[in-house]
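*Asks:* coords please:
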Amino acid sequence: IPIQPVYIAPRNPMVLCHGLYGFDVKGPEKLPMLQVHYWRGIREALEAIGARVMVAKVSGTGGVRERAQQLDAQLASRLEAEKVNILGHSMGGLDARYLITHINPKSYSVASLTTVCTPHRGSPFMDWCRDYLSLGYRADGGIEPGDRRLQEFAQFLTRILGENASVGETSQLSRLARTSAMSDDYLSRSIALLRMAYRRIMAALDTPAYACLTTDYCQRFFNPSTPNVNGVEYLSIGAYMDPTDISGKVNPLIIPHDIIYKAEGPNDGFVSLTSAQWGHFLGSVCADHFDFTNRWRLSSMGRDFIASGPRFDPIDFYLRVGTILYQRGY
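*Replies:* Model (predicted):
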């Protein structure tokens with residue numbers, strides 16, 4: 001007879017905070033079987049052991065500051081006078097850190113923050129997206145407007161874009177286009193204009209979130225201005241993919257995984273183990289970045305579209321996290 005694990009609900013409410021492109025639920029309310037939940041089955045499992053759970057919903061592509069303000073408003077209205085345990089997946093962990101340090105809520109308090117695969121030191125893949133896809137040049141995402149680091153970050157982005165460039169534009173390409181326009185080289189002029197048009201299109205698609213997830217932003221600007229707060233316990237968990245495990249699936253994170261692996265080693269397809277560590281590191285599991293949300297499962301009884309195999313069960317994972325919080329007095 002297999003031994004069944006014993007799970008215990010934490011004393012304080014758990015707040016589940018989603019990451020980039022996250023949400024609470026999508027799909028027709030009258031047809032729940034067609035709905036897609038970011039935390040599919042996770043909230044229900046936690047509530048089944050007696051936990052009080054709040055699922056937060058913030059801007060999917062907003063900057064850290066905007067998302068943290070939205071999270072604060074929800075907590076203030078729904079969990080007033082409560083102590084809460086925040087659990088942030090991916091970018092949700094950065095939002096929570098910003099909330100704790102900069103917003104410093106008074107109507108409720110944060111007992112603990114558990115980050116799951118959060119890029120505390122940024123992601124080399126987002127650096128790659130900035131350098132090769134021109135995504136990640138908005139400096140308005142995660143630093144207080146009055147903080148000198150905001151101006152420094154904007155100046156940093158301007159510098160890597162090129163002399164006299166402004167955020168979201170490329171003066172290098174503009175100069176190339178002007179130089180080519182004065183010549184008779186039609187091909188060079190056309191290529192320059194096409195490249196500049198591409199950059200302008202990508203600038204229109206850029207969002208504050210992308211810059212907030214780069215290694216430059218997190219290590220040089222966000223972390224120095226966002227220290228931990230006394231009285232809040234910071235816990236973290238990381239993950240790593242097994243690229244040799246195909247298990248009958250096509251994983252869209254293989255390419256990002258390889259980019260990050262060359263820069264920082266083992267990772268979950270978006271965040272390296274090194275970047276995921278913050279505060280007290282609880283350890284790592286073999287899984288990919290998407291496994292922790294369970295969002296690819298269309299129903300609680302359905303089969304995963306994308307999963308890292310039988311070794312990782314997101315339901316069991318979050319129940320264990322809840323139990324750890326209880327054991328640590330939260």
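*Asks:* show me where the stretch 101-250 of the chain has helices.
*Replies:* Counting by DSSP state H, counting those that start in this stretch, the stretch 101-250 of the chain has helices at residues 124-133, 148-161, 171-181, 186-205, 208-212, 215-217, 223-225.
*Asks:* need the least confident one among these, by mean pLDDT.
*Replies:* Mean pLDDT is lowest for helix 171-181 among the helices of the stretch 101-250 of the chain, at a mean of 48.
*Asks:* residues in contact with the residue lying closest to E80 once chain neighbours are set aside?
*Replies:* Leaving aside its chain neighbours, E80 sits nearest to S107 (5.1 Å; criterion: CB to CB, 6 or more residues apart in numbering). (Glycine included, C-beta is placed from N, CA and C.) Contacts for S107 (CB atoms under 8 Å, 6 or more residues apart in numbering) come out as A76, E80, A81.
*Asks:* relative to G92, how far out is the spatially closest residue to the last one that is not a sequence neighbour?
*Replies:* Beyond its immediate neighbours in the sequence, the residue positioned closest to A81 (CB to CB, 6+ apart) is Y108, lying 6.4 Å away. To G92, Y108 is 17 Å away according to CB to CB, to the nearest Å.
*Asks:* same check on P124?
*Replies:* From P124 across to G92, the span is 20 Å (CB to CB).
*Asks:* tell me which of the two has more neighbours.
*Replies:* G92 (29 against 23; other CB atoms under 10 Å).
*Asks:* nearest residue to the more buried one in space, please, no chain neighbours.
*Replies:* Among residues not flanking G92 along the chain, C17 sits closest, at 3.3 Å (CB to CB, 6+ apart).
*Asks:* and the lowest mean pLDDT element among the helices and strands of the protein?
*Replies:* In the chain, no helix or strand scores lower on mean pLDDT, DSSP states H and E than helix 171-181, which sits at a mean of 48.
*Asks:* quick one, strands of this structure?
*Replies:* Ranges of strands within the chain are 14-17, 25-26, 36-37, 53-55, 83-89, 109-116, 233-240, 280-286, based on DSSP state E.
*Asks:* take the ones you listed and write them to JSON lines, including mean neighbour count.
*Replies:* Listed next are the strands of the chain as JSON lines, based on neighbours: other CB atoms under 10 Å:
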{"stretch": "strand 14-17", "mean neighbour count": "26"}
{"stretch": "strand 25-26", "mean neighbour count": "13"}
{"stretch": "strand 36-37", "mean neighbour count": "18"}
{"stretch": "strand 53-55", "mean neighbour count": "19"}
{"stretch": "strand 83-89", "mean neighbour count": "24"}
{"stretch": "strand 109-116", "mean neighbour count": "25"}
{"stretch": "strand 233-240", "mean neighbour count": "22"}
{"stretch": "strand 280-286", "mean neighbour count": "15"}
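*Asks:* appreciated, that's everything.
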